[in-house]
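S.K.: Structure for this input, please:
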Amino acid sequence: MVGLVGGLSVLPSKGNAIRPPRAVAPEEFTALCMRCGVCVEVCPSHALRLKDLTLDIKNISTPVLDPDFGGCLAWKDNCDECAQACPTHAIDPLRSLAGEKLGFVTLEKDRCVNCMVCLMRCPVEGAVLFPNPKGKPFTREKDIPTVLKLRTSPLKPYIDVKKCVGCGLCVYHCPEKIMHLHKEKN
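M.R.: Have a look, this model is predicted:
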């Protein structure tokens, strides 16, 4: 097994995985990660899973963020459980979250029911917005007048992709499953 894992570092990487926060650069990550799965085990929100069999052989069994299982709590609760548990520092506990961006979320507005769960769950103020016909967009659910939150309202929440960090909390909690997490383009 050691020979196989060591040999993976010479294969090209597709690089489409959304890594946990504080992960080192992709090539360094693949070389450092020993595929032990400890980060997955300690993740309190169950947002991490090991990458399945894929054509991206180099990254099989490395941790990826999967909002189908949970969203990352790093920006909400300053969680760093995965980084603290990583024995090789492929996820580096000393890296700051300041300026870190895992990806971004898109929303299917035509299927949105205005439940406002995305606004309530987002840990980054201003990443999920709601149009305000009288001025600046709303950033908090409690500020939005009830009449604007009706299912039939043409006004729907939207994502500011510049502020979205890609934690996946809104995706995980969306009852309609109309939000999608995408990897940040490097």
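S.K.: Centroid-nearest residue for the protein?
M.R.: Central residue of the chain (Cα atoms, centre = their mean): residue 167, 2.9 Å from the mean position.
S.K.: Would you check how far apart that one and residue 53 are?
M.R.: Residue 167 sits 26 Å away from residue 53, taking Cβ to Cβ, to the nearest Å as the criterion. C-betas here are computed from N, CA, C, even on glycine.
S.K.: Residue 123 too?
M.R.: Applying Cβ to Cβ to residue 123 and residue 53 gives a distance of 32 Å.
S.K.: So between these two, which is more surrounded?
M.R.: residue 123 (17 against 8; other Cβ atoms under 10 Å).
S.K.: residues in contact with the closest residue to the more buried one other than its chain neighbours?
M.R.: In this structure, residue 123 finds its nearest non-sequential neighbour in residue 76, 3.7 Å apart by Cβ to Cβ, 6 or more residues apart in numbering. Residue 76 is in contact with 123, 167, 169, counting by Cβ atoms under 8 Å, 6 or more residues apart in numbering.
S.K.: Looking at these, which one is closest to residue 185?
M.R.: Residue 185 lies nearest to residue 167 out of the contacts of residue 76, by Cβ to Cβ, at 17.4 Å.
S.K.: what's the helix or strand for the closest one?
M.R.: Element membership for residue 167 (DSSP states H and E) is empty, with no helix or strand holding it.
S.K.: any idea what sits nearest it, other than its immediate chain neighbours?
M.R.: residue 72 (4.3 Å).
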